[in-house]
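K.L.:
next comes the sequence, and after it the predicted model I'd like to discuss.
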Amino acid sequence: MNRIYFDNAATTALDPEVLETMMPYFTEKFGNPSSIYSYGRETKIAIETARKSVAKILNAHPAEIFFTSGGTESSNTAIHAAVRDLGCTHIITSPIEHHAVTHSVEHLDNLDLVKVSYVKLLPNGHVDLEDLEKLLAEKDEKTLVSLMHANNEIGNILDIFAVGELCKLYNAIFHSDTVQTVGHFPFDLRNTPIHFITGAAHKFHGPKGVGLLYINENVRIRPFVHGGGQERNMRAGTENIYGIIGFAKALEKATANYETDSAYIGTLKYYMHEQLKKHIPGVAFNGDVLGRSLYTVLSASFPKTEKSEMILFNLDINHICASGGSACTSGAEQGSHVIRAINNNPNQVTVRFSFSRHNTKEEVDSVVQKLKDLV
């Protein structure tokens, strides 16, 4: 039986063409980019070419692009630097951020380095921009605003331009976790008022273990990792060459195919939304499903029954990969802080389905069929 993979927001399959571009750097092109002989210069040039390519796609300057181990490291670096180097003593964030942000903010809060405010959410899961402005206006101290561009569980998309303009007005630093949107949407960083954004190659058919941190050129921060001065002295340690090559190639491909891929994947999401409504009594959806939302993510809640409580386990037995996200707090399953924040209904079981260009309508049909039995 074939496996149906509907968990692309967690990670995606590595594109064969991306792997092919990476391969020479595992084999003959193994020189250390910090060495001065041609072997090293060759890999150094490859890294800088990748950086230029990524910068061009995001409409940023190559000097603003730093390669990291992924979204988590990028967000940690930005948040800690905003406090340590940019003098932020107040952080405004939301209750539905990724743990890379939430836990970093809590860590700084526990050390008594910052005060934290949580912005209110609207019933559909969007950030209440009026409340954000109120929080910015209330405080005199230097503020970091950290709000994700798109939520990884419910798919809601933030208007980062509007938030950036507010931050500019109140002289705040703006960091956005854009892990779910880099490689999925066009960016124009030169014309977006933002200080830090993040990315992870494995969310758009690139390799795991490589990410991006964009640091606006007007911001000066100190390195997070000290040592040999790599990444223009911002991140010491020998570069992950094949990862960086793979990141750039995956981003190039995602950008070239954006129109067709996003349209196709969007039809799968809407089709599944329709089919679930048609075939499953009592199904509900989380977030602004048909509005400002990721075309890749559909978060559905099913009525809780003896049968449906085991839904993920049973999907897994049937070779269907999807992810959880219920508000439940039973035993080992902590439940999802995102679902709790927007839909705290203990009588529902939530499943996130997330799609890529490799999925098909036939797969949606078989999953819906299976869910009919399981619910």
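P.N.:
Good, I have the coordinates.
K.L.:
following the worst-scoring helix or strand of the chain on mean pLDDT, which helix or strand comes up?
P.N.:
Lowest on mean pLDDT, DSSP states H and E among the helices and strands of the chain sits helix 337-342, with a mean of 91. Sequence order places strand 348-354 as the next helix or strand after helix 337-342, per DSSP states H and E.
K.L.:
that next one - contacts with which helices or strands?
P.N.:
strand 297-303, helix 311-317 (3 or more C-beta pairs under 8 Å, 6 or more residues apart in numbering; DSSP states H and E). Glycine gets a C-beta too; all of them are placed from N, C-alpha and C.
K.L.:
list the buried ones in the least confident helix or strand of the chain?
P.N.:
H337, V338, I339, R340, A341, I342 (16 or more other C-beta atoms under 10 Å).
K.L.:
nearest to R352, out of the helices and strands packed on strand 348-354?
P.N.:
R352 sits nearest to strand 297-303 of all the helices and strands packed on strand 348-354, at 5.0 Å, using C-beta to C-beta.
K.L.:
which residues does that closest one contact?
P.N.:
By C-beta atoms under 8 Å, 6 or more residues apart in numbering, the surrounding residues in contact with strand 297-303 are 9, 150, 152-155, 180, 269, 272-273, 276, 280-287, 289, 308, 311, 325-326, 339, 343, 345, 347-355, 371, 375.
K.L.:
angle of it against strand 348-354?
P.N.:
160 degrees (axes from the mean of the first three to the mean of the last three C-alpha atoms, to 10 degrees).
K.L.:
in its sheet, what does strand 297-303 sit against?
P.N.:
In the sheet, strand 297-303 lines up against strand 284-285 (antiparallel), strand 348-354 (antiparallel) (DSSP bridges).
K.L.:
how about the strands in the stretch 101-250 of the chain?
P.N.:
115-118, 143-146, 173-176, 196-200, 211-215 (DSSP state E, counting those that start in this stretch).
K.L.:
run through who's touching stretch 275-294.
P.N.:
Taking C-beta under 8 Å, 6+ apart as the rule, stretch 275-294 contacts 9, 124-126, 150-151, 153-157, 159, 180-181, 184, 270, 273, 298-303, 339, 342-343, 348, 350, 364-365, 368, 371-372, 375.
K.L.:
how about the nearest residue to L268 once chain neighbours are set aside, phi and psi?
P.N.:
Beyond its immediate neighbours in the sequence, the residue positioned closest to L268 (C-beta to C-beta, 6 or more residues apart in numbering) is F355, lying 4.8 Å away. The phi/psi pair for F355 (degrees, to the nearest 10) reads phi -110, psi 160.
K.L.:
coming back round to it: give me the buried subset of the contacts of stretch 275-294.
P.N.:
Counted by 16+ other C-beta under 10 Å, the contacts of stretch 275-294 give 9, 125-126, 150-151, 153-157, 180-181, 184, 273, 298-303, 339, 342-343, 348, 350, 364, 368, 371, 375 as buried.
K.L.:
got phi/psi on T192?
P.N.:
phi -120, psi 130.
K.L.:
going forward, begin numbering at 371 instead of 1
P.N.:
I'll keep to 371 as the first residue from here, and by that count the last item is T562.
K.L.:
ok, it - contacts?
P.N.:
I530, F531, G534.
K.L.:
L621: neighbour count?
P.N.:
L621 has 24 neighbours, counted by other C-beta atoms under 10 Å.
K.L.:
swap that for F594, please
P.N.:
The tally of other residues near F594 (other C-beta under 10 Å) stands at 19.
K.L.:
thought it was touching H450?
P.N.:
Yes - with contacts counted by C-beta atoms under 8 Å, F594 reaches H450, the gap being 6.7 Å.
K.L.:
count the residues that sit near E467.
P.N.:
22.
K.L.:
which of the helices or strands spans M642?
P.N.:
helix 628-649.
K.L.:
which one of the buried residues of helix 707-712 sits closest to P577?
P.N.:
Using C-beta to C-beta, V708 comes nearest to P577 of the buried residues of helix 707-712, at 26.7 Å.
K.L.:
how near is the closest one to V737?
P.N.:
From V708 across to V737, the span is 22 Å (C-beta to C-beta, to the nearest Å).
K.L.:
let me see the ranges of the helices in the protein.
P.N.:
Taking DSSP state H to define them, one finds helices in the chain at 386-396, 408-428, 441-454, 469-480, 499-508, 530-539, 600-603, 611-626, 628-649, 681-687, 707-712, 731-744.
K.L.:
now do the nearest residue to T568 once chain neighbours are set aside against L492, distance only.
P.N.:
Taking C-beta to C-beta, 6+ apart, and ignoring the residues beside it in sequence, T568 has S444 as its nearest neighbour in space, at 3.7 Å. Between S444 and L492 the computed distance is 28 Å (C-beta to C-beta).
K.L.:
and these two? Which one has more around it.
P.N.:
Comparing S444 with L492 by other C-beta under 10 Å, the one with more neighbours is S444, at 29 against 14.
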